[in-house]
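A.B. asks: need coordinates for the following:
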Amino acid sequence: QVQLVESGGGLVQAGGSLRLSCAASGSIFTIFRMGWYRQAPGKVRDPVARIWSGGSTNYADSVKGRFTIVRDNAKNTVYLQMNSLKPEDTAVYYCNAQLRQRASDSLRDYWGQGTQVTVSS
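C.D. replies: Got it, this is the predicted structure:
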């Protein structure tokens, strides 16, 4: 089994910062991609930032220049540094990992339980 454990959400004023962490554990052969998605009430879950095993990254336009995703491959951990937070960043943030548990497996997506981020105006 694979588990993704998130931490770091909370309540912050607009303009403030938060850092989310997500650690993957369990039977893991290799992690291809890790990332963060978010879902606001009544909306679909959208990608926020993603990082591939080689280090390339992708950000949603709405967070470019404010959020930074970093990955520690040795620890199977991904971090999301969120600066200059806005009320519209309020959502539940979910960690995602696309990985193989064995060399012969296909890539599968795994999700964390979600962590609430609330930005007050």
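A.B. asks: so the one residue sitting closest to the centre of the chain bridges to which residues?
C.D. replies: When Cα atoms, centre = their mean is applied to the chain, the residue found nearest the centroid is residue 36 (2.3 Å). Bridge pairing for residue 36 (DSSP bridges) gives the partners residue 49, residue 95.
A.B. asks: tell me how far the residue sitting furthest away from the middle of the chain lies from residue 88.
C.D. replies: Of all residues in the chain, residue 104 has its C-alpha farthest from the mean position, at 26.1 Å, by Cα atoms, centre = their mean. Residue 104 sits 43 Å away from residue 88, going by Cβ to Cβ, to the nearest Å. To be clear about C-beta, it is placed using only N, CA and C from the backbone, and glycine gets the same treatment.
A.B. asks: thinking again about what came up before, the residue farthest from the centre of the chain is in what secondary structure piece?
C.D. replies: Assigning secondary structure by DSSP states H and E places residue 104 outside every helix and strand.
A.B. asks: residue 81 versus that one, what's the distance?
C.D. replies: Taking Cβ to Cβ, one finds residue 104 at 36 Å from residue 81.
A.B. asks: likewise for residue 46?
C.D. replies: For residue 46, the distance to residue 81 - Cβ to Cβ - is 19 Å.
A.B. asks: of those two, who's got more company?
C.D. replies: residue 81 (15 against 12; other Cβ atoms under 10 Å).
A.B. asks: who does that one bridge with?
C.D. replies: With DSSP bridges as the rule, residue 81 is bridged to residue 19, residue 68.
A.B. asks: that one and residue 19 touch, don't they?
C.D. replies: Yes: the criterion here is Cβ atoms under 8 Å, and residue 81 meets it with residue 19 at 5.2 Å.
A.B. asks: that concludes my questions; thank you for your assistance.
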